[in-house]
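**Q** I'll drop the sequence and a predicted model, then ask my questions.
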There are 2 protein chains.
Amino acid sequence: MARPRIKDVARHAGVSEKTVSNVINDYAHVSDRTRTVVRASIEQLGYRVNLAGRHLRKGRTGIIALVVPELDIPYFAELARHVIREAEKCSLTVLIHQSGADRAHELAALAGFGSTFVDGIILSPLALTADDLRDRAGFPPTVLLGELLEEGADHVAIDNERAAREATRHLISLGRRTVLAVGGIDAPGLGTAEARTRGYRAALAEAGIAHDPAALVPVDSFRMPAGARAVARVLRDGVRFDALLCLNDQLALGALRTLYEHGVRVPEDVAVIGFDDVEGGRFSVPTLSTVAPDKAAVAKVAVQLLRRRIEEATDPDGAEPDSTNPDGGDPEGARDGADPDAGRDGVVDGAGPGVQSPQDRIVAHRLVLRESTEGHEGR
Amino acid sequence: MARPRIKDVARHAGVSEKTVSNVINDYAHVSDRTRTVVRASIEQLGYRVNLAGRHLRKGRTGIIALVVPELDIPYFAELARHVIREAEKCSLTVLIHQSGADRAHELAALAGFGSTFVDGIILSPLALTADDLRDRAGFPPTVLLGELLEEGADHVAIDNERAAREATRHLISLGRRTVLAVGGIDAPGLGTAEARTRGYRAALAEAGIAHDPAALVPVDSFRMPAGARAVARVLRDGVRFDALLCLNDQLALGALRTLYEHGVRVPEDVAVIGFDDVEGGRFSVPTLSTVAPDKAAVAKVAVQLLRRRIEEATDPDGAEPDSTNPDGGDPEGARDGADPDAGRDGVVDGAGPGVQSPQDRIVAHRLVLRESTEGHEGR
DNA sequence: GCTTGTTTTTACATCGATGTACATTGGCTG
DNA sequence: CAGCCAATGTACATCGATGTAAAAACAAGC
């Protein structure tokens, strides 16, 4: 027997289709009696609303896409988990896509997967360029995670440059003088790796340590095997170093393993810091010092921001005069970026009144110190 | 400017809406000239089909749901990655849900998320009971991952009982006599943990080792902290043991950490085996021996099976006479379960001709031996 | 040129839910 | 009890794409 339609419920309850619809949507002016009867019929027939019809009519699906490079990099998995939880709170469903750090995939994601059925997109880009983000009229609202790629896009991130500077500073304060940056990249680019490398170099400069180009250890991915290989290569090449700043925890965990295999003691011989604070680093041997971004806050801010954009896009007449408290509660974890008045130049961009200028939201991070820098204390 | 509709393309190209639709859907009888003109218009206007309309008309969305307990348990993340890849091949989109091992969430997932817009569901259940799976008429086709919960449902899994038996046997063959099962549960249930525990006990029995109920170490989750706590508890209680069979790698990694903290040598004092073969276990100190399920095969078989079910459900008249080669290529990794004729009792269940009886697909696994059982060789 | 048969194209109804605009009901006031 | 307002309920059009059936265009054969 086919799934019941709203029509069937209406017949069963002896009311019109619209009334059933009203009950489903919690429309105010429905008598309690009618509501009860309709509810009972819905229950009895096992009716469930058909999203296709609703979407067609309403123009919204309630689905947002989260696009990450690889789902099995724990940082992204943990982030996804938070995003899903957060989205659930506003009854949004999350569709996860893997871009494989592939520009084509990321572009496809930006385009809304060749069709139209996500209300918005949260994208953690690796291979996109600023150009790709221009001229997004007609595409779903998008919030970027990670470093700012282009001035015109909303984005949410920790202050990667500062975080890397703090981490490197800490290594230096421990007396380390030759800090390698695993995954570091010396480019003017705007990506996360670039920002972290800048912070790293800034800290070295501060301490009056000359920068050695060989201190940037390239990697071909941001996973454990790459970290392990990179450190193996460095060791084989006879490079001397007493600290590693690994641009994420996966690289760091791979590095730890290689150091162990080569009998290099951590942190006595080499101190190691990673980024992301994934669970694996809290249980590794030795445990891993790391820069911990407030992932829950990243997810929260991203989802909320996207939600507001979606609302603006759907109904662009929203008055939005009360700029004091944008979305009723935007508590812990997030503070606005350097530019407190949110609008660039204090001027709202050309478009309609409802369209706000892009926002850069900086989320908190903290340096978590564990055995890989501080040593094995409690034993 | 609003996104163009098929109507706009039709007007622009000077043809009817249906002709545009025909071009989009590669309908055979469209003249080359018309096709070219329409394609050009589509390109020019930047038209993209609206999924809502198509779905409404066609009754399919091309979206399948993958429901896992927690996305940030690496096994599920890795599995999700494979499922997404596999689904992509048949141009299906995957929607991921986290159940949080919560029965209510799992039930909601089974119901198609209270609405209807997934064509099918791949569910990795933790808290469901057989009853929940009965009477699924009118719900989307569902494939279960992990142990068989109910006779009537399709499912894909490794032979968990055998795998656990093999792993335990190996520990015994290394001379270990007191093997604890971390996460083991002594229940008649049908879940994965139950099956693995059965295999564990079978191996002990085989070797003539008496079963000690205290050898089953309970956990409150299947993550590293739980594994670490469980082992800490056992050590504190003064239980003596020389091997740990951890029911997944996360527990094992947590266990390794605690053993390390207590100065227990692995594998000299205690050998450790996990399940799942996650990346973290290949880089831990020591590296982790594990039961490696063929995740790619699990994903492949699950997606293909689901796809077939969806087709059956959509168009139940499919002849399906050629049972020799069900779906044109079902290559590596999967072999049918104990019952080679696929149908239970060789009899097709009551329903229509197109509906096939449930399938149990057993996927290959292998025991991967690393340092945590074999010792540190290459050093 | 006209019939016949085949492509190609079109008009229209349809999928399911909901917004609009109007009809109805009931309750309350004077 | 008439009159009015608000609360409820209904009929119908609509969202966008596509299946159906039939019309229009075209080709071939006599």
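**A** Looks like it came in fine.
**Q** quick one: residues contacting A:Y260.
**A** Listed by Cβ atoms under 8 Å, 6 or more residues apart in numbering or on different chains, the contact partners of A:Y260 are A:V266, A:V285, B:V285. The C-beta positions use only the backbone N, C-alpha and C, and glycine is treated the same way.
**Q** likewise for A:I6?
**A** For A:I6, the contacting residues are A:E17, A:V20, A:S21, A:I24, A:Y47, A:V49, by Cβ under 8 Å, 6+ apart.
**Q** by neighbours, which of the contacts of A:Y260 wins?
**A** A:V266 (23 neighbours; other Cβ atoms under 10 Å in any protein chain shown).
**Q** that one contacts A:S284, doesn't it?
**A** No. Taking contacts as Cβ atoms under 8 Å, A:V266 lies outside contact range of A:S284: 9.9 Å.
**Q** now the common contact residues for these two.
**A** A:L256, A:S372.
**Q** if we can go back for a sec, can you redo the contacts of A:Y260 as JSON lines, where the extra columns are pLDDT?
**A** As requested, the contacts of A:Y260 are exported to JSON lines (pLDDT from 0 to 100):
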{"residue": "A:V266", "pLDDT": "94"}
{"residue": "A:V285", "pLDDT": "95"}
{"residue": "B:V285", "pLDDT": "95"}
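**Q** so which of those residues comes closest to DNA strand C?
**A** A:V285 (54.4 Å; Cβ to the nearest atom of the strand).
**Q** quick check: bridge partners of the residue nearest to the spatial centre of chain A?
**A** Central residue of chain A (Cα atoms, centre = their mean): A:L145, 4.3 Å from the mean position. Taking DSSP bridges as the rule, A:L145 bridges to A:V156.
**Q** wait, what's in contact with it?
**A** Contacts of A:L145 (Cβ under 8 Å, 6+ apart): A:L79, A:I122, A:L123, A:S124, A:P125, A:H155, A:V156, A:A157, A:V298, A:A302.
**Q** rewinding a little: any chance of JSON lines for the contacts of A:Y260, columns secondary structure and distance to A:T34?
**A** Converted to JSON lines, those look like this (DSSP: H, G, I helix; E, B strand; the rest coil; distance: Cβ to Cβ, whole Å):
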{"residue": "A:V266", "secondary structure": "coil", "distance to A:T34": "70"}
{"residue": "A:V285", "secondary structure": "coil", "distance to A:T34": "65"}
{"residue": "B:V285", "secondary structure": "coil", "distance to A:T34": "67"}
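**Q** residues of chain A that sit close to DNA strand C?
**A** A:5-7, A:17-18, A:21, A:24-25, A:49-50, A:52-54, A:56-58 (Cβ under 7 Å from any atom of the strand).
**Q** apply 10 Å and report the result again.
**A** Applying Cβ under 10 Å from any atom of the strand, one finds that chain A approaches DNA strand C through A:2-10, A:16-25, A:27, A:29, A:31, A:47-60.
**Q** mind checking which of those residues are in helices?
**A** A:6-10, A:17-24, A:51-58 (DSSP state H).
**Q** bridging residues for the residue in the stretch 101-250 of chain A that DNA strand D sits nearest to?
**A** As assessed by Cβ to the nearest atom of the strand, DNA strand D sits closest to A:T116 within the stretch 101-250 of chain A, at 7.5 Å. With DSSP bridges as the criterion, A:T116 is bridged to B:N50.
**Q** hang on, the earlier thing: now, among the contacts of A:Y260, which is nearest to DNA strand D?
**A** B:V285 (54.9 Å).
**Q** please report how far the closest residue to A:I42 other than its chain neighbours lies from A:D26.
**A** Leaving out its chain neighbours, the residue that sits closest to A:I42 by Cβ to Cβ, 6 or more residues apart in numbering or on different chains is A:V9, at 5.7 Å. Plainly put, A:V9 is 16 Å away from A:D26 if you go by Cβ to Cβ, to the nearest Å.
**Q** comparing the two, which shows the higher neighbour count?
**A** Neighbour count, other Cβ under 10 Å: between A:V9 and A:D26, A:V9 has more, with 24 against 8.
**Q** which residues does that one contact?
**A** Contacts of A:V9 (Cβ under 8 Å, 6+ apart): A:V20, A:V38, A:S41, A:I42, A:L45, A:Y47.
**Q** how much space between it and A:T34?
**A** 12 Å.
**Q** what of A:G120?
**A** From A:G120 over to A:T34 (counting by Cβ to Cβ), the distance is 35 Å.
**Q** who's more crowded, those two?
**A** Comparing A:G120 with A:T34 by other Cβ under 10 Å, the one with more neighbours is A:G120, at 25 against 16.
**Q** now for that one: which residues touch it?
**A** Per Cβ under 8 Å, 6+ apart, neighbours of A:G120: A:I64, A:A65, A:P140, A:P141, A:T142, A:V143, A:L306, A:R307, A:R309, A:I310.
**Q** for those residues, give me JSON lines that also has secondary structure, pLDDT and neighbour count.
**A** Formatted as JSON lines, these follow (DSSP: H, G, I helix; E, B strand; the rest coil; pLDDT from 0 to 100; neighbours: other Cβ atoms under 10 Å in any protein chain shown):
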{"residue": "A:I64", "secondary structure": "strand", "pLDDT": "90", "neighbour count": "25"}
{"residue": "A:A65", "secondary structure": "strand", "pLDDT": "89", "neighbour count": "25"}
{"residue": "A:P140", "secondary structure": "coil", "pLDDT": "83", "neighbour count": "22"}
{"residue": "A:P141", "secondary structure": "coil", "pLDDT": "87", "neighbour count": "22"}
{"residue": "A:T142", "secondary structure": "strand", "pLDDT": "87", "neighbour count": "22"}
{"residue": "A:V143", "secondary structure": "strand", "pLDDT": "91", "neighbour count": "27"}
{"residue": "A:L306", "secondary structure": "helix", "pLDDT": "93", "neighbour count": "27"}
{"residue": "A:R307", "secondary structure": "helix", "pLDDT": "91", "neighbour count": "20"}
{"residue": "A:R309", "secondary structure": "helix", "pLDDT": "88", "neighbour count": "22"}
{"residue": "A:I310", "secondary structure": "helix", "pLDDT": "86", "neighbour count": "19"}
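**Q** out of these, the closest to DNA strand C would be?
**A** A:I310 (15.7 Å).
**Q** can you lay out the contacts of A:I6 as JSON lines showing distance to B:R229, neighbour count and pLDDT?
**A** Conversion of the contacts of A:I6 to JSON lines gives the following (distance: Cβ to Cβ, whole Å; neighbours: other Cβ atoms under 10 Å in any protein chain shown; pLDDT from 0 to 100):
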{"residue": "A:E17", "distance to B:R229": "55", "neighbour count": "14", "pLDDT": "90"}
{"residue": "A:V20", "distance to B:R229": "51", "neighbour count": "27", "pLDDT": "91"}
{"residue": "A:S21", "distance to B:R229": "51", "neighbour count": "17", "pLDDT": "91"}
{"residue": "A:I24", "distance to B:R229": "46", "neighbour count": "17", "pLDDT": "88"}
{"residue": "A:Y47", "distance to B:R229": "46", "neighbour count": "20", "pLDDT": "87"}
{"residue": "A:V49", "distance to B:R229": "44", "neighbour count": "18", "pLDDT": "85"}
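**Q** with that, I have no additional questions.
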